[in-house]
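Asks: No letters, just coordinates:
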């Protein structure tokens, strides 16, 4: 799903709680700064690519092809974040991060890449745009946090843009999966039927429908978690001004 | 005899929930829980966690008041563990499901497969064998729950029954669907494969049962003492020399046997997931053994000899 991510709550607390919590070591911090800078740059490349393609063609149509390769590269690269949690240099849940990253990777490879016919859909542009803006903000947020110099603007953006970007991304994702359904059914993509020697069957079409249904319980939970985080992180600033 | 005063505070809010005066010095935590239950009937003893420190470990029911590091006015902190359900109830429910569900697929009850197959039986004899093995396994588990196991804890949180039943019942249905399917393909290596699989399965079932009996005999009825398990005269228990939790080792073996017998990928998945969970449990148990007993045999591994 498009939004925000792993380490949200920890990222927010790391400013205040940096003194209480033992952060990653110096080497790990250096590595993470490099990682986050590279990812910020990568998604900026995608953003620029989208804008240039739009200006060149004069339409929103088919912009996916102009950023297909960097999108695949940088979105797949995010799998490293699961490793960061597993190793302990990032204080987030492996399961939560894993889930978030793999859902993005699933959409990139198992839906958009695999079903050629959806690549020209406008819904793809919708979620790619949402992901791009979210990730640029998110990775710069992490970069600045690690360097202990977080501009309020970035913090504000991280905890505010999601309000629009998250539903936008989810809409794009759902529409794309929906568009893929007829092609998957027709070609039997990634599906296995009986009989076979492993006594196993898998219907990718039904699986995609289940995935779409799963958004119903999952999306509100993640969205309202972010809203609560927003109150916690940005709420303090309003309190201080009230005190004065 | 000097009596104690006991006050119980909420661990989170620190509100005074209960004040007990004239408590006997030899009163146990269990008895205090009963007294607390009287003033707060919604919190039966099984869902009470009483501790000395709001963030500390729960005290045991057997702990005696005068042996605790408290003054004559003792302050305890209370946490609600949530609705509880007995282990026996959970085990019986989670094991009866697979037994019944598998049989429904075996007898091809309507609405599962195409109508022309309703109430027919498979032409492959391995399918009948698999049904017998699966049913035997869960009957054994039910009987062990009723007559063999001695549980350390009486209860677990209520939500566990939903989680556990989803796991057992879900996987049972998934496996049973393919094994009893009209288009089921029997094992490639035929009779040889099935025979070997059956031997492994039976060997591990006997082994698993032997371990359960050995563990039961370690613990006198009604007690919650923990002792190091050792090999007995029963050869199936000699595996204790190399492994802390051989019950899990044998359980893995049984399901590997069943996987081989049915040559069914969902069964392999179930075996893998079960193995991962049992490894987590075995490592935890192994660690508690090491912590509790300084003379714990060093040769033992948690679940797989020398490996894991």
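Replies: That came through fine. Keep in mind it's a predicted model, so treat the numbers as computed, not measured. Numbers count the residues shown, from 1 in each chain, chains lettered A, B, ... in the order given.
Asks: In chain A, which helix is the longest?
Replies: Scanning chain A for the longest helix, with DSSP state H as the assignment, gives helix A:204-243.
Asks: Which residues belonging to that one are considered buried?
Replies: Residues A:204-205, A:208, A:211, A:215, A:219, A:222-223, A:226, A:229-230, A:233-234 are the ones in helix A:204-243 that count as buried (16 or more other Cβ atoms under 10 Å in any protein chain shown). All C-beta spots, glycine's among them, are computed from the backbone N, C-alpha and C.
Asks: contacting residues for the spatially closest residue to residue B:198 that is not a sequence neighbour?
Replies: Nearest residue to residue B:198 in three dimensions, chain neighbours excluded: residue B:261, at 6.4 Å (Cβ to Cβ, 6 or more residues apart in numbering or on different chains). Applying Cβ atoms under 8 Å, 6 or more residues apart in numbering or on different chains to residue B:261 gives the contacts B:126, B:129-130, B:133, B:187, B:193-194, B:197-198, B:201.
Asks: ranking these by neighbours, who comes first?
Replies: Among the contacts of residue B:261, the one with the most neighbours (other Cβ atoms under 10 Å in any protein chain shown) is residue B:130, at 28 neighbours.
Asks: What's the local residue count around residue B:60?
Replies: 11.
Asks: again, but for the one 3 residues further on
Replies: Residue B:63 sits with 15 neighbouring residues when counted by other Cβ under 10 Å.
Asks: That one contacts residue B:31, doesn't it?
Replies: No: using Cβ atoms under 8 Å, residue B:63 is not in contact with residue B:31, being 10.6 Å away.
Asks: For the nearest residue to residue A:191 once chain neighbours are set aside, give me its contacts.
Replies: Computed as Cβ to Cβ, 6+ apart, the closest residue to residue A:191 that is not its neighbour in sequence is residue A:204, at 4.8 Å. Residue A:204 makes contacts with A:184, A:188-191, as judged by Cβ under 8 Å, 6+ apart.
Asks: try 10 Å this time
Replies: By Cβ atoms under 10 Å, 6 or more residues apart in numbering or on different chains, the residues touching residue A:204 are A:110, A:114, A:180-181, A:184-185, A:187-192.
Asks: for the residues you listed, which one is nearest chain B?
Replies: Closest approach between those and chain B, by Cβ to the nearest Cβ: residue A:192, at 9.3 Å.
Asks: can I get the contacts of residue B:261 in a markdown table with secondary structure and pLDDT?
Replies: Shown next, in a markdown table, are the contacts of residue B:261 (DSSP: H, G, I helix; E, B strand; the rest coil; pLDDT from 0 to 100):
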| residue | secondary structure | pLDDT |
| --- | --- | --- |
| B:126 | helix | 96 |
| B:129 | helix | 97 |
| B:130 | helix | 97 |
| B:133 | helix | 97 |
| B:187 | coil | 96 |
| B:193 | helix | 96 |
| B:194 | helix | 97 |
| B:197 | helix | 97 |
| B:198 | helix | 97 |
| B:201 | helix | 98 |
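Asks: Save those as a markdown table, and put in distance to residue A:32 too.
Replies: As requested, the contacts of residue B:261 are exported to a markdown table (distance: Cβ to Cβ, whole Å):
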| residue | distance to residue A:32 |
| --- | --- |
| B:126 | 54 |
| B:129 | 55 |
| B:130 | 51 |
| B:133 | 51 |
| B:187 | 50 |
| B:193 | 51 |
| B:194 | 54 |
| B:197 | 49 |
| B:198 | 54 |
| B:201 | 49 |
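Asks: what about residue B:178, how many neighbours?
Replies: The number of residues packed near residue B:178 is 21, by other Cβ under 10 Å.
Asks: Residue B:127 too?
Replies: Neighbours of residue B:127 under the rule other Cβ under 10 Å: 17.
Asks: circling back: just the contacts of residue A:204: which are in helices?
Replies: Those of the contacts of residue A:204 lying in helices (DSSP H): A:180-181, A:184-185, A:187.
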